[in-house]
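Novice: Need a 3D model of the following:
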Amino acid sequence: MNTQDKNRSLREIWNNVWAASGDKSYSSLRLFKTVDKIETLTRLGVDFKNKRVLDIGCGEGTALFFLEKQFDITGVGIDISDRVIAGNKQRAGISSKLEFFIGDHKSLDCPSNEFDIVLSWGVVEHSKEYIQALAEARRVLKKDGILVLIQPNSRSFGVVQEKILRLRNKWRFGNQKNFSHGYLKKILEALGYHDVLIHTKPPYRDMIVTRFFDNIFRMFIKNWGHYLYVIGRKRNFDADYKDSFELFLSHTDEKKVIKKMLQEKIDEMTVRSCLDIGGGNGCLSSIIDATHKITIIEPNKNFVDTLRGNGFRCICAKWENVELEERFDLVLAAYVITHFPKKQLRGLIDKMKRHLNENGKAVILAVDEKEGSWRETHTYFYELIHLKRTSTTVLLKRLMKELGATTTRFTTKVSADNVEQMLQLLTFDFCKYGSQFETNKDKLKDYLRQFEKGDGHIELEMVHWMFILGK
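Specialist: Numbers count the residues shown, from 1 in each chain. Just a heads-up that it's a prediction; the model follows:
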């Protein structure tokens, strides 16, 4: 089934659902449920006042119209059902601060970083592409914006009720996945949400049997209840990483040391084109000579915007997803190797070689897996969060030996005025761990104090490997 047919089928399902739910008594119950849900969310700490809100799967717009009246929000409602969107537009009129559109939750036609709050109530569980939908919700949230999900819980008698309705051919809602408390938290944190809070509640009076059994089981079983109220804050990893990385570069001699080594190993006169893979802010490729033709592959959009503004040719993508017709005199992969999937490492290195001119060279930089106080600090942090992490450098060194690369070991220094500043410099490596990093900051500070000098100044040593491959 193609996407257009699939969307048509979903639209038919939900047009039928809303047509069957249009009587006044049900609308009254729906308003009661909405008010109760919003009151629960405000008690859990969600502040709706004057916020810009997106409601994905807005239905008849009950939540948005109530929030506009009570909390003076501006908002957008998106739903796959053309029936309810037409009704919402008519109800909103010209004076409302609400807009309504037919839309797909997996591919939102909204700018990035647009909304303070994204609501998605009883929607994600009906999509097989729920990971993509949750990622889209994160994209359109502002930094520190709030995602609010209300989902059916796999720990509820409602699962039994659903099966009974399906057997009797009375289930009207198409596909449905009932999430567990732990699974939802895991996927949200992996997608870049932090401070994830999950609260359970029994169903309303229209599900009498499920409500009865859920209230009993809740007394004995943790996280039992028909509804999962899920609140997650957007962790703006890309922006945090960029800011911290640029601060790090201003406190290390790395650029100076690497420039000297490249001048010793590479004849600059032969480098007329350079491909920088995972180029960050372009600081390393630009040390060759900014007048040369430089192409930068970089997945972080925050870096890409700056690079393009500075005149670089830049492709916003991961190296795994790029194939260029051009060939280059120099291919530079500085530390991005850490982020390559281990199973694809050999293939991605071979791909670098394919992009070389006949006499071109590929330069790969990596941090040593064991040596240096910088690495020791990382190892300590991974132990704190119980992360079993094996360094890519071990496999990389073996592959480089097999490929006959020239290998050089060297060291650089990272300096900070105090422990607090050093922790800021480390953020670009640790911010992807979100709340785990925040929770362990004090322990990291205590650990770093062993590297303090007499005046409070602190210095960490970073041990590197440079590998140079020919065509």
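Novice: For the stretch 1-150 of the chain, which segments count as strands?
Specialist: Using DSSP state E, counting those that start in this stretch, the strands found in the stretch 1-150 of the chain span residues 52-56, 74-79, 98-102, 115-121, 141-152.
Novice: would you list those strands in a markdown table and tack on distance to residue 365?
Specialist: C-beta: built from backbone N, CA, C; applies to glycine. Listed next are the strands of the stretch 1-150 of the chain as a markdown table, based on distance: least, C-beta to C-beta, whole Å:
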| stretch | distance to residue 365 |
| --- | --- |
| strand 52-56 | 41 |
| strand 74-79 | 44 |
| strand 98-102 | 47 |
| strand 115-121 | 39 |
| strand 141-152 | 30 |
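Novice: For those, give me JSON lines that also has distance to residue 33, mean pLDDT and mean neighbour count.
Specialist: As requested, the strands of the stretch 1-150 of the chain are arranged in JSON lines below (distance: least, C-beta to C-beta, whole Å; pLDDT from 0 to 100; neighbours: other C-beta atoms under 10 Å):
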{"stretch": "strand 52-56", "distance to residue 33": "14", "mean pLDDT": "95", "mean neighbour count": "24"}
{"stretch": "strand 74-79", "distance to residue 33": "17", "mean pLDDT": "94", "mean neighbour count": "24"}
{"stretch": "strand 98-102", "distance to residue 33": "19", "mean pLDDT": "92", "mean neighbour count": "18"}
{"stretch": "strand 115-121", "distance to residue 33": "9", "mean pLDDT": "94", "mean neighbour count": "24"}
{"stretch": "strand 141-152", "distance to residue 33": "10", "mean pLDDT": "90", "mean neighbour count": "21"}
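Novice: how about the ones you listed, which one is nearest residue 205?
Specialist: Proximity to residue 205 (C-beta to C-beta) singles out strand 141-152 among these, at 16.7 Å.
Novice: Tell me which other helices or strands the longest helix belonging to the chain touches.
Specialist: Ranked by residue count and defined by DSSP state H, the top helix of the chain is helix 24-43. Contacts defined by 3 or more C-beta pairs under 8 Å, 6 or more residues apart in numbering; DSSP states H and E place helix 24-43 against helix 62-71, strand 227-234.
Novice: any idea which of these is most buried?
Specialist: Mean neighbours per residue, mean count of other C-beta atoms under 10 Å, is largest over the helices and strands packed on helix 24-43 for strand 227-234, with a mean of 23.
Novice: Can you name the residues in contact with it?
Specialist: The contact list for strand 227-234, computed with C-beta atoms under 8 Å, 6 or more residues apart in numbering, reads 37, 40-41, 44-46, 138, 141-153, 179, 181, 184, 188, 192-203.
Novice: next helix or strand past it?
Specialist: Sequence-wise, the next helix or strand downstream of strand 227-234 (DSSP states H and E) is helix 237-249.
Novice: Could you tell me which other helices and strands the helix or strand that that next one is followed by packs against?
Specialist: Next helix or strand after helix 237-249 toward the C-terminus (DSSP H and E): helix 254-265. Applying 3+ C-beta pairs under 8 Å, 6+ apart, one finds that helix 254-265 contacts strand 356-367, strand 406-416, strand 458-470.
Novice: Kindly reformat those strands as a markdown table containing mean pLDDT.
Specialist: A markdown table is the format used below for these (pLDDT from 0 to 100):
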| stretch | mean pLDDT |
| --- | --- |
| strand 356-367 | 94 |
| strand 406-416 | 95 |
| strand 458-470 | 95 |
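Novice: Now mean neighbour count and distance to residue 50 too, for those strands, in TSV please.
Specialist: What follows is those, written out as TSV (neighbours: other C-beta atoms under 10 Å; distance: least, C-beta to C-beta, whole Å):
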stretch	mean neighbour count	distance to residue 50
strand 356-367	19	46
strand 406-416	16	39
strand 458-470	19	43
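Novice: Tabulate those (TSV), appending distance to residue 325.
Specialist: Below are the helices and strands packed on helix 254-265 laid out as TSV (distance: least, C-beta to C-beta, whole Å):
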stretch	distance to residue 325
strand 356-367	13
strand 406-416	28
strand 458-470	21
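Novice: Low-confidence stretches in the stretch 301-450 of the chain?
Specialist: Judged against pLDDT under 70, the stretch 301-450 of the chain has no low-scoring part.
Novice: Go again with 80.
Specialist: When residues are selected by pLDDT under 80, those of the stretch 301-450 of the chain lie in 302, 389-390, 432, 434-435.
Novice: Could you do the stretch 101-250 of the chain as well?
Specialist: The stretch 101-250 of the chain contains residues with pLDDT under 80 at 105-107, 125-129, 157-168, 170-177, 190, 192, 194, 205-207, 226, 235-240.
Novice: ok, residue 328 - contacts?
Specialist: 273, 274, 275, 295, 355, 356, 357, 360.
Novice: Just the element for the second one, please.
Specialist: The one in question is residue 274. Using DSSP H and E, residue 274 falls within strand 273-277.
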